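Engineer: one predicted model, sequence on top.
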Amino acid sequence: MKTMKTIFRLLIVTVFCTVIFSKLEAAEPVSPESAPPLEKPGWKLTFHDEFDEPLLNDLYWYPAYRTGRVDYLKRIGTKVIGGAKMYHNSNAYYKIENGILKLIIDENMPPRLKKEDPAVSCLMTSDHRFGETTKDYQLLEKFAQKYGWFETRCKTVTGSGLYSAFWLHQTDPLDQEYTADGRRKQVGDGVVEIDIFEQLGKDTKAGLNLFNIHFTKHAHYTLPMGFDPSEDFHVYAANWKEDGLDWYVDGKVIQSYKGETPKKKMFVLLALFQLPWSGKLDPNLSYPKTFEVDYVRVYLPEEK
């Protein structure tokens, strides 16, 4: 009788352990096809938007591209920025569907004179307004942070002449990558911008992506990722520190940089662009073109 009870107990323990271990195995690792947990060990969450509501959260975002600078350049009669034609309309065209933000460029939206003209759909967490001069300006900051972990899960756009971007810019407009009159700065003018990624639509099949810190001599990388980023969602992140930056794709370090980084807090920018810089636009391009974003999350290291 004792033998039968012992066998029965062993069977119960075996089944219990099998269930537990199978659950543990199923929990690791997190694949890029599914969103990782919001909690990040060793990090404190400071900002996140999972885009779970059908309307954009206006406590977090401005749905337009650099409107303070664009307005000022128009007032002083400038029609180009850094040699590139300004956008006819910098307001974003977007939708939120099934928990996914979709930044969209369609045949007629955002508004432009011809469908091949430059276009942008962008969200930012800060903007500014110049007064009569560039010495008189107002910051319209919703979120910005100095150093930390910045992450998104997204699916990029494909097609020559298009590109998807996840950037950090300094909130002070005089510290950004263009001077107030539209001249693009160069190495020696300060370290002002972090490109967590810039993914050119013409390079999706090759799996290439751009990772940059402007303006430095060496922190400019074109790297193969081993997949087409327009076919599925992947996780992109940057760990920004005072003395360097690590870029991550799907949880793995893809590039590290040691050197000077921006010295002030920065805001988050997501954008879909249609620009000649990213390749000649296909005249037979079929619209709409969409940059899909599952979430944006920002963290600071937990104090030890």
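Structural biologist: Cool, the structure landed.
Engineer: please make it C-alpha for all contacts and neighbour counts, starting now.
Structural biologist: Noted.
Engineer: the stretch 1-150 of the chain: helices as residue ranges?
Structural biologist: In the stretch 1-150 of the chain, helices defined by DSSP state H, counting those that start in this stretch lie at 2-26, 67-75, listed in chain order.
Engineer: where among the ones you listed is average confidence lowest?
Structural biologist: Confidence, taken as mean pLDDT, is least for helix 2-26 of the helices of the stretch 1-150 of the chain (a mean of 35).
Engineer: can you pull the phi and psi angles for S230?
Structural biologist: When read as degrees, to the nearest 10, the backbone of S230 gives phi -90, psi -10.
Engineer: the residue nearest to it when sequence neighbours are not counted and G131, how far apart?
Structural biologist: Excluding the flanking residues, the one nearest S230 by Cα to Cα, 6 or more residues apart in numbering is T156, at 4.6 Å. Counting by Cα to Cα, to the nearest Å, the gap from T156 to G131 is 37 Å.
Engineer: which of these two has more residues huddled nearby?
Structural biologist: T156 (27 against 12; other Cα atoms under 10 Å).
Engineer: now for the more buried one: which residues touch it?
Structural biologist: Y163, S164, Q199, G201, P229, S230, E231, T290, F291, E292 (Cα atoms under 8 Å, 6 or more residues apart in numbering).
Engineer: where does the fourth one land on pLDDT?
Structural biologist: According to the per-residue confidence, G201 scores 97 in pLDDT.
Engineer: which parts of stretch 271-291 are buried?
Structural biologist: Neighbour counts over stretch 271-291 (16 or more other Cα atoms under 10 Å) mark A271, L272, F273, Q274, L275, P276, S278, G279, L281, K289, T290, F291 as buried.
Engineer: list the contacts of it.
Structural biologist: 102-107, 116-123, 154-166, 200-202.
Engineer: just how off-centre is it within its chain?
Structural biologist: Centroid separation for stretch 271-291 versus its chain: 18 Å, with Cα atoms, centre = their mean, to the nearest Å.
Engineer: how about the CA coordinates for that stretch, as CSV?
Structural biologist: In CSV, the C-alpha atoms belonging to stretch 271-291 read as follows (Å, rounded to 0.1, in the frame of the first residue of the first chain):
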residue,chain,number,x,y,z
ALA,A,271,8.3,60.2,-38.5
LEU,A,272,7.6,58.9,-42.0
PHE,A,273,9.2,60.9,-44.7
GLN,A,274,8.9,61.2,-48.5
LEU,A,275,12.1,62.9,-49.6
PRO,A,276,14.6,62.8,-52.6
TRP,A,277,17.4,62.3,-50.1
SER,A,278,16.1,58.7,-49.5
GLY,A,279,16.1,57.8,-53.2
LYS,A,280,14.2,58.7,-56.4
LEU,A,281,10.5,58.3,-55.8
ASP,A,282,8.9,55.7,-58.0
PRO,A,283,6.4,57.4,-60.3
ASN,A,284,4.2,54.3,-60.1
LEU,A,285,4.4,54.1,-56.3
SER,A,286,1.2,52.8,-54.8
TYR,A,287,-0.3,54.6,-51.8
PRO,A,288,-0.9,54.6,-48.9
LYS,A,289,2.6,54.1,-47.4
THR,A,290,2.6,53.5,-43.6
PHE,A,291,5.1,53.4,-40.8
